[in-house]
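In: coords below, sequence missing:
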């Protein structure tokens, strides 16, 4: 029986034998990653350079764009390197690091959307007190808390899930997955299953509380105010709601595949669903906010065309 000290690498079996298609896959993945990096980086630079965008909502968006780059970088370089690998092995250290980054990125995404929902709640429900409540210092403190909370939580998740003995090193995915690694344990206790449930609730359920509260309050205000206020609320909240729904769908696909037997699903579809979140969310965010919000759209035009 192998123990945890003997497992030095994991084998990612979902790649299969892709033959010459690896060149096509490599090109597509590289261009997609380049699109994600450039789109989010441009918006980060635009928000940083344009003082008119140094407002709470845009600072939260800047944090969101940074996280899109962070989360994508934890996956795409690994995918690119595996395209030309014959064994599709990943070291134990790199596997743990990838799991940590993906867990952290998902948590930051949810918490950031919660902070943005609260910002919209204050803006729409308490417009006269908005500048007093959402000061720059408070916004920066919220963003810092989001990142620290996510990093600390992910550290606890890994520490609780990697104290057991492993009896295998084969992962049926194109990246390292915490649940599939946990299933390689020689014995899984009820405590581990309970902790898995708790960490899932903390990651997804906890941020959903302020999100649900904020949008419920906004909805109530919309029914009680003028048509102009309704339109403002809809235009500012729609991108966040779409991002939340897309994020939740991605997390659902991921959790469903990791926890249940999905052998009946075609391999290609399983791979797409497993990386759906990292494929769509990092591109959806700059599209929804960069194109939908007029201030950012105009600032991008000025930045790219060198106009003041």
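Out: On my side now, so go ahead. In this text, all values refer to a predicted model and were calculated from it rather than measured experimentally.
In: please, where are all the strands along the stretch 151-300 of the chain?
Out: Using DSSP state E, counting those that start in this stretch, the strands of the stretch 151-300 of the chain run over 170-171.
In: run through it and note the low-pLDDT ranges.
Out: Scanning the stretch 151-300 of the chain for pLDDT under 70 picks out 161-164, 187-193, 195-196, 226, 229, 258, 261-264.
In: just the helices in it please.
Out: 178-182, 190-200, 206-224, 227-259, 267-274, 276-292, 294-304 (DSSP state H, counting those that start in this stretch).
In: what about these, which gets the closest to residue 97?
Out: Nearest to residue 97, of all the helices of the stretch 151-300 of the chain, is helix 178-182, at 12.3 Å by Cβ to Cβ. Placement of C-beta: from N, CA and C, glycine included.
In: distance to residue 159 for the helices of the stretch 151-300 of the chain - can I get that in CSV?
Out: Shown next, in CSV, are these (distance: least, Cβ to Cβ, whole Å):
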stretch, distance to residue 159
helix 178-182, 12
helix 190-200, 10
helix 206-224, 19
helix 227-259, 19
helix 267-274, 25
helix 276-292, 24
helix 294-304, 39
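In: with residue 107 as the reference, name the closest of those helices.
Out: Of all those, helix 206-224 comes closest under Cβ to Cβ, at 8.2 Å.
In: between that closest one and helix 227-259, how big is the angle?
Out: Using axes from the mean of the first three to the mean of the last three Cα atoms, to 10 degrees, the direction of helix 206-224 lies 150 degrees away from that of helix 227-259.
In: tell me which residues are up against helix 206-224.
Out: For helix 206-224, the external contacting residues (Cβ atoms under 8 Å, 6 or more residues apart in numbering) are 110-111, 113-114, 117-118, 120-121, 124-125, 229-230, 233-234, 237, 241, 244.
In: could you list the buried residues of that helix?
Out: By neighbour count with 16 or more other Cβ atoms under 10 Å, helix 206-224 contains the buried residues 206, 207, 208, 210, 211, 214, 215, 217, 218, 221, 222.
In: distance to residue 51 added to those residues, as TSV?
Out: Shown next, in TSV, are those (distance: Cβ to Cβ, whole Å):
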residue	distance to residue 51
206	34
207	30
208	34
210	29
211	29
214	27
215	30
217	31
218	28
221	30
222	31
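In: quick one: which of the residues you listed is nearest residue 45?
Out: Nearest to residue 45 among the buried residues of helix 206-224, with distances taken as Cβ to Cβ, is residue 207, at 27.5 Å.
In: any idea how far that closest one lies from residue 285?
Out: Distance of residue 207 to residue 285, computed by Cβ to Cβ, to the nearest Å: 16 Å.
In: which of the contacts of helix 206-224 are buried? Put it as a ChimeraX command.
Out: In ChimeraX, a selection of the buried entries from the contacts of helix 206-224 looks like this (16+ other Cβ under 10 Å):
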select :110,111,113,114,117,118,120,121,124,125,233,237,244
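In: the residue nearest in space to the middle of the chain sits in which helix or strand?
Out: Ranked by distance to the mean C-alpha position of the chain (Cα atoms, centre = their mean), the top residue is residue 106 at 3.7 Å. Under the criterion of DSSP states H and E, residue 106 resides in helix 92-125.
In: before we move on, the earlier item: which of the helices of the stretch 151-300 of the chain sits closest to residue 48?
Out: helix 294-304 (10.3 Å).
In: show me what that closest one is packed against.
Out: Helix 294-304 sits against helix 21-49, helix 56-73, helix 276-292, with contacts defined as 3 or more Cβ pairs under 8 Å, 6 or more residues apart in numbering; DSSP states H and E.
In: report the angle between the longest one and helix 276-292.
Out: For helix 21-49 against helix 276-292, the angle between stretch directions is 40 degrees (the same axes, to 10 degrees).
In: helix 21-49: how far from the chain's middle?
Out: Helix 21-49 has its C-alpha centroid displaced from the chain centroid by 16 Å (Cα atoms, centre = their mean, to the nearest Å).
In: what residues of that helix count as buried?
Out: Neighbour count says helix 21-49 has 26, 29, 32-33, 36-37, 39-40, 42-44, 46-47 buried, by 16+ other Cβ under 10 Å.
In: average pLDDT across it?
Out: Averaging pLDDT along helix 21-49 yields 92.
In: so can I have TSV of the buried residues of helix 21-49 showing distance to residue 131?
Out: Below are these laid out as TSV (distance: Cβ to Cβ, whole Å):
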residue	distance to residue 131
26	49
29	44
32	40
33	39
36	34
37	34
39	30
40	28
42	28
43	24
44	24
46	23
47	19
